[in-house]
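>>> build the 3D model from these lines:
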Amino acid sequence: MPTFRHATCESILPKWQDHEFYTSSLVLGIDIGLEGIGVFLRRGPQTLYEKTLIYRIPQTNALGQRRQYRAARRCRKNRRTRLKRLEKLFRHHGLPWFEGDDDALTRSDPFLLRHRALTKKLASQEALSICIRHLVTHRGYEYFSDEGEYPWGDEASLSAAVKWVRTAFVDEETAQFLRTECRVIAELAGGKAEEKYQQFCEVLDERLVSAENNPISEVLRDYAAEKRNHIRQRARGYAFPRKLVWSHLEIICRRHADLIGDLEGFLHALGAPSSQKSESIFFYNRKTREEMEAHWAKKVGLCPYASELGLSAKLRRGLRAEMSIRRFSLLEFLASRRLQLADGTLRQVSDACVENLLNWMKAFEAAYQDQAPLPAQEQRLSERLDGHDRAGQGA
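Numbering: from 1, shown residues only. Below is the predicted model of the structure:
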């Protein structure tokens, strides 16, 4: 963030300190927490009333997964858009198109057809149409195109991450990012989360794939090896990177170029990048990465104090993740709180405690940047703070 001289700050502080809001105004403060409401009334610096009202909230999960439900609705809408555009592309290139309840779709096994397309040859355009449609419908995941969720859902949970990665295949780029994300989750959770993180990394290393080591053909081979449907090795439920699914689709199309009039034109239209929103099919997304970043930027408002600090009036607020903002938030929180000890005594946070907290925050930031483990002392402090935070959510 832009900086300003210390002298500027010194000239502004008296103006704020002598403001009637701090000297004489009647001010009511209400702090709504998870388990209580804090009420504080003052006139100038004089305290008139203060109390914490504890209450119990009934357990409910009605909106607990609202983001997942919204993501599922968008997923279905995106799928319908892709299929509509695929139908138009099929008709342009003379490939047959089947409606959702057509016998050709309901009686065919797309996994067997895809395996046959890789090992032998498909006998008809109808079979090729079913293969391509199946892959466009189930195109795999692309973590960096999603709107902020983790691949396993909305919850920052290591248990959910381990469960997801056991049935997922991950490329190196995504794996590197997920290691960092899960490492931060583990450090914030503390306790035995480090063991869960190590378990996640071990499973993740086993699930690494690349274009040269595409596991899709192996899954299809194991599925087709058993002739009895009720004991087949399952082919559904695996999460493949979208780039690998596209590579698999491209191989099938090139092996059956004789069934497609203009192969290169067909693949060019089918694989149009997501940046071409009006034309993309396989890589279509509701929003491009650039549009999402622009949307996120709009959510960062203008700084209300910029003009008073002698800075540009168009200056945006700092993000909460920035170290300077985190330090300010911590200091503001500690300056406006008193701790209630076991004997009921209220006490301000000591200078030594503030210094320890700031040092821990600095160590945490350095560990995150360097991807190095926290020192043992800071790790123990992290665990204690996490426990205090859970215990005092209603304070």
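>>> use CA for all of it now, contacts and neighbours both
Noted.
>>> roughly how far apart are residue 303 and residue 203?
44 Å (CA to CA, to the nearest Å).
>>> ok, now residue 266?
Distance from residue 266 to residue 203, by CA to CA: 38 Å.
>>> over to residue 108?
Remark: distance between residue 108 and residue 203 (CA to CA) = 34 Å.
>>> more neighbours, the two?
Using other CA atoms under 10 Å as the criterion, residue 108 and residue 203 rank with residue 203 on top: 16 against 13.
>>> which residues are in contact with the more buried one?
162, 165, 166 (CA atoms under 8 Å, 6 or more residues apart in numbering).
>>> residue 208 is in contact with the second one, correct?
No. The criterion here is CA atoms under 8 Å, and residue 165 misses it with residue 208 at 10.1 Å.
>>> more neighbours: those two, which one.
residue 165 (21 against 18).
>>> in contact with the more buried one, which residues?
Counting by CA under 8 Å, 6+ apart, residue 165 touches 200, 203, 204, 207.
>>> number of nearby residues for the first one?
By that I understand residue 200. Per other CA under 10 Å, the neighbour tally for residue 200 reads 24.
>>> distance of it relative to residue 297?
Where residue 297 is concerned, residue 200 sits at a distance of 32 Å (CA to CA).
>>> and the helices in the stretch 201-350 of the chain, which stretches?
216-225, 242-255, 263-270, 289-298, 323-335 (DSSP state H, counting those that start in this stretch).
>>> what comes up buried for the fourth one?
Applying a neighbour-count criterion of 16 or more other CA atoms under 10 Å, one finds 289, 292 buried in helix 289-298.
>>> send the alpha carbons of that helix over as PDB?
Provided in PDB are the C-alpha atoms of helix 289-298 (Å, rounded to 0.1, in the frame of the first residue of the first chain):
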ATOM      1  CA  ARG A 289     -10.700 -16.100 -15.300                       C
ATOM      2  CA  GLU A 290     -10.200 -12.500 -16.300                       C
ATOM      3  CA  GLU A 291     -13.900 -11.700 -15.700                       C
ATOM      4  CA  MET A 292     -13.700 -13.300 -12.200                       C
ATOM      5  CA  GLU A 293     -10.600 -11.300 -11.300                       C
ATOM      6  CA  ALA A 294     -12.400  -8.100 -12.500                       C
ATOM      7  CA  HIS A 295     -15.400  -9.100 -10.400                       C
ATOM      8  CA  TRP A 296     -13.200  -9.600  -7.300                       C
ATOM      9  CA  ALA A 297     -11.500  -6.300  -7.900                       C
ATOM     10  CA  LYS A 298     -14.900  -4.500  -7.800                       C
END
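>>> show the average pLDDT along it.
For helix 289-298, mean pLDDT rounds to 77.
>>> need the contact partners of stretch 268-286.
With CA under 8 Å, 6+ apart, stretch 268-286 has contacts from 74, 78, 82-83, 85-86, 89, 136, 139, 145, 246, 287-288.
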